[in-house]
Every structure is written in structure tokens, then in C-alpha cells.
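**Q** Sequence first, then the predicted structure, then my questions.
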Amino acid sequence: MGAERLPNHKLETGAFFQRDRAWHAPALTPGYKTSVLRSPQKALLSLDNSLSEINGPVFGHHVLGELDNDLIHNFARAGESAVGPRIVVYGRVLDERGKGVSGALLEFWQANAGGRYRHKKEGYLAALDPNFGGCGRTITDEEGNYAFRTIKPGPYPWPNGVNDWRPAHIHFSVFGHGFAQRLITQMYFEGDPLIWRCPIVNTIPDKAAVETLIATLDMQATIPMDACAYKFDIVLRGRRSSLFENRLEGN
Amino acid sequence: MAQPLDRLKESPSQTAGPYVHIGLTPNFCGIEGVYAEDLGASMVNDRTRGERITVHARIFDGTGTPLRDALVEIWQADAEGLYNSPTEMRGTSDPNFTGWGRKATDMESGECVFDTVKPGRVPFKDGRRMAPHITFWIVARGINIGLHTRMYFPEEEKANAEDPILTRIEHKARVSTLIAERADDGTYVFDIHLQGEKETVFFDI
Ligand SMILES: [Fe+3]
């Protein structure tokens, strides 16, 4: 883990920008019913970061297996592959200052091409794909770039309203350089008519914020006769420079 | 018009959903053979320095029902108060301690268990020392943005009384929501309440 230094230029150790809570979904969003009993009701305690949040675990490339960024093959039997439209998802992890975040661990999970998850709590009647597990991970390079290969997930119905459907999506978990940057979000696909009908998407109040979660089809990055490409950038909290801040003793 | 600041906005958080296990603890939910081990499954090894402790955590919804589909991450200093992080500038932490753990709550009992060490004290910005604590981060279906909180230790009464975070809490009756209980077998029990009279203090940090 953290014992290996980031391949980064100069280590930055400032606190992170305050989170814009109005940009994110509030905790209580009755249209997404499960949030009603799982949302804190009291005000959050607002605090500037301490070392406990400025620091964070960082993962080296040694944790990665050869097929971790290839969901088409990482669960498939030898010589076989997952069913569905083959796609490449690529992009950058940036911070709010526009700087690439190097060494960021990205983990992703998704339903198969029919919209079915490989999970014992999953009740959708769509078929399981014996060659698709649904998880993958990668680590960004020095400029914050990442890429992985998968199949396009299908949309699926879920019990909320009587007839609510999730748009096709990939779940992302992201580690930056500090635990305060920890983020889980979802990526949607350009042009999907289910996006704006989804109660989970609609927990986010600002349309412009939702649009930052929609990946763009990039015909320049496709692999001809193989896979379409979608570009999806992720932005983590920016870091304050510690220019005029008092340094901790011993620093 | 003044010059634009050219800042980007943070990607909005979305719920981890009911199938977070597939991505973050695949072996736990039966997806084997992709990763050798779930990341964060173990924090310590035979050579880890410090006092070994076990923490049992549960998360309760507004009806008092434990969440059986949550995912919990903890992050803490080693026994000397140093973080296993490249941005730790005060020294080198114990190489046999990761400082970071990740567990899904049990699908029946709703409990998750961390085997770790008791953290040392870490300085606050102004040089005061914070009481020993473990940072918790909780995601689950129905939680739109990960919840940050901390667990403190019941036997650290003096350190807790001067902790810069605990002393910031206006309603003193709520301080106890951040302090674990010690069971007869010496393990710590940390109950997190999402709502209600016992609602845990969560941080915007
Ligand atoms: Fe999903």
C-alpha cells in the first residue's frame, strides 16, 4: 500500500476544498424510497480536514491482476467471452483544479448485457451470463488516465415505483490521495432515454451535475470491428495549496 | 466581468446500491477467481506493532433495523499515530499495518468485524493532539453520498474530553454516539444510527 511513493511530481499535503453539498444529492430524497429511513436528519458537523482525512490509502499497481481491467474476459471460461456489445471506457481522473490525479484506484461493477447482476439478492428474470462476473478495477497513470474493456450493461427494472427502470450504468468507486476524496458514483450512456426518468439520477438536483455523469460516445477512440468507446472523466475534490497556512509542528 | 476561476465541479455522488459487493467485495458475494482476495480484508499481519483490537460495527436505519447490505471502510493511524499514506510527512508508519479496512455488513446479522490495532494519537492542525480514533465511511443502498464519522475509545476519557473534534459538538448529549462500547470479551462494539434519538454525529469534512 502506501509505502510506495506516488509517481507524482511534488507531494501535496493541503486540506481539500469544502464539498459543495448543494451540487450533490441531499440525503433525504423521497422519490428514491430507500433513502427515507437511511438519511441522517440532523445537520452534519462541518469541519476542516485534519490529517485523518488529508491522508488516505494509496494502492500500487502490484495489486492489479492482468485481466482486472477486462470485464469481457476476467470471469470468462478459457477461450470464451462475455455476451454483449463490446465497449472501451476511458477517461481521466482530475481534481477540481483540473489537475490529473495519478495513482487513483478505480473499481467498477455493473449488470450484464441483459441487465442482470451476479448477486444472490438479485431477482430480475433476465438471464445470467456464465462468462460475466461484473467487476473490474484499474489505477490511473501519471496524468490521471485510465481505460478498461467491458460489455455495455443493460437497463433493469427495480422495486421503487411499480415501473421504475435504471438506465444502463456502470458503478464507480474512486480513491484519490486523501480519504476526504473518497467517492462512489455511476456512469450513464449518452442518449439513453431512461436517464431522466430514473429516481436515483433525479436525486441530484442540478441538471448540469447529472450531465457530468453521462459518458460520451467517442468514434475517434473506437477500435474498428471490435469495440465502441465511451469517454468518462471523473472529478475529485481539489486540494488547497498550503502557501500561507501555518505548518504543523514537525513538518 | 472578472476573470473566471476555471474550477471544475466534483463529480456528484450516487448511491452504491444493493450490489456494491460485486465491485468492492466480490469474493464475499461469491464472485471468486477474479481477485485473489477482497481488498481491505486484512489490515494486520504477525509483525504488526501495537495493541490488537477487534471492532464490531453495526448500522441501524430509522426503524432500528440493522443494514444488511452496507459497505464500511475504516481508516486509521498505526499504534504510533502515523498513517500508511504517501502524504504522511511526519515519519514512516508501520509497514506491517495498512491502516485501511473494508468490510460488507453480514447479510443476516448486519454486523461487520475489523481486526486492527489501537491507533496512536494524531496532531490536530493547531498542534493539540486528537484522541485515538478510527475514521468510518459508510455507503449502502439508500445512502446518496458516503457518510463520514469517527469511532473513539471509551477508556480514553481524558483524551476524549480534550479532543478538538469532540469538543466542537454543540449538543454534548450526542458525543456518546461517537464512542464505542467495550464488551466483556474486550472487543469494541460501535453502533451507528442513521436516524432517530441516537442518530450518530456525521461529518461534512
Ligand atoms: Fe446498478
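**A** Received it, and whenever you're ready, just let me know what you need. What you are looking at is a predicted structure, and each value in this text was computed from that prediction instead of being measured. Numbering: from 1, shown residues only, chains lettered A, B, ... in the order given.

**Q** Bridged to the closest residue to residue B:67 other than its chain neighbours, which residues?
**A** Excluding the flanking residues, the one nearest residue B:67 by Cβ to Cβ, 6 or more residues apart in numbering or on different chains is residue B:59, at 4.5 Å. Where you see a C-beta, it was placed from the backbone N, CA and C, and this is true even at glycine. Residues in a beta bridge with residue B:59, per DSSP bridges, are residue B:192.

**Q** Neighbours of residue A:43, how many?
**A** Counted with other Cβ atoms under 10 Å in any protein chain shown, the neighbours of residue A:43 add up to 10.

**Q** Just to be sure, it is in a strand?
**A** No: checked against DSSP: H, G, I helix; E, B strand; the rest coil, residue A:43 lies outside a strand; its state is coil.

**Q** gap between it and residue A:21?
**A** 11 Å (Cβ to Cβ, to the nearest Å).

**Q** Please apply the same query to residue A:60.
**A** 33 Å.

**Q** the more surrounded of the two?
**A** Each of residue A:60 and residue A:21 has its neighbours counted (other Cβ under 10 Å); residue A:60 has more, 16 against 13.

**Q** And the pLDDT for the more buried one?
**A** For residue A:60, the pLDDT comes out at 92.

**Q** what's the spacing between the residue lying closest to residue B:53 once chain neighbours are set aside and residue A:141?
**A** Spatial nearest neighbour of residue B:53, excluding adjacent residues (Cβ to Cβ, 6+ apart): residue B:118 at 5.1 Å. According to Cβ to Cβ, residue B:118 and residue A:141 sit 37 Å apart.

**Q** Likewise for residue B:38?
**A** 25 Å.

**Q** go on, residue B:131?
**A** Taken as Cβ to Cβ, the spacing of residue B:131 relative to residue A:141 amounts to 39 Å.

**Q** what about the two, which has more around it?
**A** Higher neighbour count among residue B:131 and residue A:141: residue B:131, with 23 against 17, using other Cβ under 10 Å.

**Q** doesn't residue B:117 make contact with residue B:51?
**A** Yes: between residue B:51 and residue B:117 there is a contact under Cβ atoms under 8 Å: 6.0 Å.

**Q** Next, give phi and psi for the residue most central in space within chain B.
**A** For chain B, the residue nearest the mean C-alpha position is residue B:136 (1.8 Å; Cα atoms, centre = their mean). The phi/psi pair for residue B:136 (degrees, to the nearest 10) reads phi -110, psi 140.

**Q** Look up the closest residue to it, ignoring the ones flanking it.
**A** Residue B:136's closest residue in space is residue B:149 (Cβ to Cβ, 6+ apart), at 5.0 Å.

**Q** any idea how far the residue positioned nearest the centre of chain A lies from residue B:137?
**A** The centre of chain A sits closest to residue A:172, judged by Cα atoms, centre = their mean, with a distance of 2.2 Å. The spacing between residue A:172 and residue B:137, counted by Cβ to Cβ, is 16 Å.

**Q** Please state the offset of the longest strand seen in chain A from the chain centre?
**A** In chain A, with assignment by DSSP state E, the single longest strand is strand A:86-95. How far strand A:86-95 lies from its chain's middle: 10 Å, per Cα atoms, centre = their mean, to the nearest Å.

**Q** what does stretch A:89-103 give?
**A** 12 Å.

**Q** For it, buried residues please.
**A** Residues of stretch A:89-103 classed as buried: A:89-97, A:99-103 (neighbour count, 16 or more other Cβ atoms under 10 Å in any protein chain shown).

**Q** biggest separation within the residues you listed, which pair?
**A** Between any two of the buried residues of stretch A:89-103, the greatest separation by Cβ to Cβ is 24.0 Å, found for A:89 and A:97.

**Q** all strands in chain A, in order from the N-terminus.
**A** Going by DSSP E, chain A shows strands at A:45-46, A:86-95, A:105-109, A:135-139, A:145-151, A:156-158, A:164-166, A:169-175, A:183-189, A:214-217, A:228-231, A:234-236.

**Q** Include distance to chain B and mean pLDDT when you put those into TSV, please.
**A** Compiled in TSV, those are given as follows (distance: least, Cβ to the nearest Cβ, whole Å; pLDDT from 0 to 100):
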stretch	distance to chain B	mean pLDDT
strand A:45-46	4	98
strand A:86-95	6	98
strand A:105-109	3	98
strand A:135-139	5	98
strand A:145-151	12	98
strand A:156-158	9	97
strand A:164-166	9	98
strand A:169-175	6	98
strand A:183-189	4	98
strand A:214-217	11	98
strand A:228-231	14	98
strand A:234-236	5	98
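
**Q** what residues are up against residue A:124?
**A** By Cβ atoms under 8 Å, 6 or more residues apart in numbering or on different chains, the contact list for residue A:124 reads A:115, A:116, A:117, A:156, A:157.

**Q** gap between it and residue A:115?
**A** Using Cβ to Cβ, we find residue A:124 at a distance of 6 Å from residue A:115.

**Q** cool, and residue A:63?
**A** Distance from residue A:63 to residue A:115, by Cβ to Cβ: 30 Å.

**Q** quick one, which of these two is more surrounded?
**A** Comparing residue A:63 with residue A:115 by other Cβ under 10 Å, the one with more neighbours is residue A:115, at 21 against 15.

**Q** Going along the chain, name the helices of chain B.
**A** For chain B, the helices defined by DSSP state H cover B:20-24, B:157-161.

**Q** Let's test this: mean pLDDT of the first one, rounded?
**A** Looking back up the chat, that one is helix B:20-24. Here the average pLDDT along helix B:20-24 is 98.

**Q** same question, the last one
**A** Helix B:157-161 carries an average pLDDT of 98.

**Q** List the buried residues in that helix.
**A** Applying 16+ other Cβ under 10 Å to helix B:157-161 flags B:159, B:160 as buried.

**Q** next one: the first one
**A** Neighbour-count burial for helix B:20-24 flags B:20, B:21, B:22, B:23, B:24 (criterion: 16+ other Cβ under 10 Å).

**Q** pLDDT weak spots in the stretch 1-150 of chain A?
**A** Along the stretch 1-150 of chain A, the model assigns pLDDT under 70 to residues A:1-9.

**Q** I figured residue A:100 hits residue A:176, correct?
**A** No: applying Cβ under 8 Å, one finds residue A:100 not in contact with residue A:176, separated by 11.0 Å.

**Q** Common neighbours of these two, please.
**A** residue A:93.

**Q** ok, back up a step: what residues does the residue nearest to residue B:67 make contact with?
**A** B:66, B:67, B:70, B:72, B:105, B:110, B:138, B:140, B:191, B:192, B:193, B:194.

**Q** Tell me, what's the model's pLDDT at it?
**A** pLDDT, residue B:59: 98.

**Q** swap in the one 4 residues further on?
**A** With respect to pLDDT, residue B:63 has a value of 98.

**Q** what about it, neighbour count?
**A** Neighbours around residue B:63, by other Cβ under 10 Å: 8.

**Q** Good, we can wrap up now.
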